[in-house]
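**Q** Sequence plus predicted model, see below.
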Amino acid sequence: MPNSVHGVILFAHGSRDPLWRTPMEAVRDRIAATQPQVLACCAYLECCQPDLAQAVQQLHAQGLRSITVVPMFLGTGKHAREDLPQLVEALRLAHPDILLTVQPAIGEDPRMTALMADIASTPPPLAGIL
């Protein structure tokens with residue numbers, strides 16, 4: 001069993017463009033660097049691997065029995081409101097020994113709203129202007 005007692009799955013939509021994954025993987029890498037007791041991985045609804053079931057299986061195989069799914073969406077649209085709950089319910093039935101919890105969409109967290117407002121209202125450095 002790892003020193004970790006909890007897993008986090010960063011759940012995103014997915015894209016055929018491999019560069020699209022970079023921000024998700026950066027979040028995962030930041031968690032690994034700053035909170036080594038938490039095992040984090042990415043999962044995607046479509047177009048990318050691993051999917052949510054594969055990510056749960058990956059963490060389960062490492063001995064984790066408590067996993068939080070974090071929807072990396074700006075709002076609670078159809079994917080977060082309908083697709084994700086169906087996927088999680090099927091995983092709960094398939095893995096009754098795992099405590100699976102789901103956070104609200106990350107974009108609805110007041111801390112994220114404040115950060116996005118700060119970024120949007122702060123002029124970029126000259127090098128960042130297109």
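**A** That came through fine.

**Q** Mind jotting down where the helices sit in this protein?
**A** 22-34, 52-61, 78, 84-94, 110-121 (DSSP state H).

**Q** Can you tell me which of the ones you listed is most buried?
**A** Ranked by mean neighbour count, the helices of the chain are led by helix 52-61 with a mean of 18 (mean count of other Cβ atoms under 10 Å). Every residue, glycine included, has its C-beta placed from N, CA and C.

**Q** what about stretch 110-126, average pLDDT?
**A** For stretch 110-126, mean pLDDT is 89.

**Q** Stretch 53-68 too?
**A** Mean predicted confidence for stretch 53-68 is 95.

**Q** again, but for stretch 74-84
**A** Throughout stretch 74-84, pLDDT has a mean value of 80.

**Q** ok, residues contacting that stretch?
**A** 11, 13, 45, 52, 69, 71, 73, 102, 104-108 (Cβ atoms under 8 Å, 6 or more residues apart in numbering).

**Q** cool, stretch 109-129 as well?
**A** Residues outside stretch 109-129 that contact it (Cβ under 8 Å, 6+ apart) are I106, G107.

**Q** hmm, try it at 7 Å
**A** Defining contact as Cβ atoms under 7 Å, 6 or more residues apart in numbering, one finds that stretch 109-129 is touched by I106.

**Q** What is the neighbour count of E108?
**A** Neighbour count for E108, taken as other Cβ atoms under 10 Å: 15.

**Q** That one: what's it in contact with?
**A** G75, T76.

**Q** Apply 10 Å and report the result again.
**A** Residues near E108 by Cβ atoms under 10 Å, 6 or more residues apart in numbering: P71, F73, L74, G75, T76, A80.
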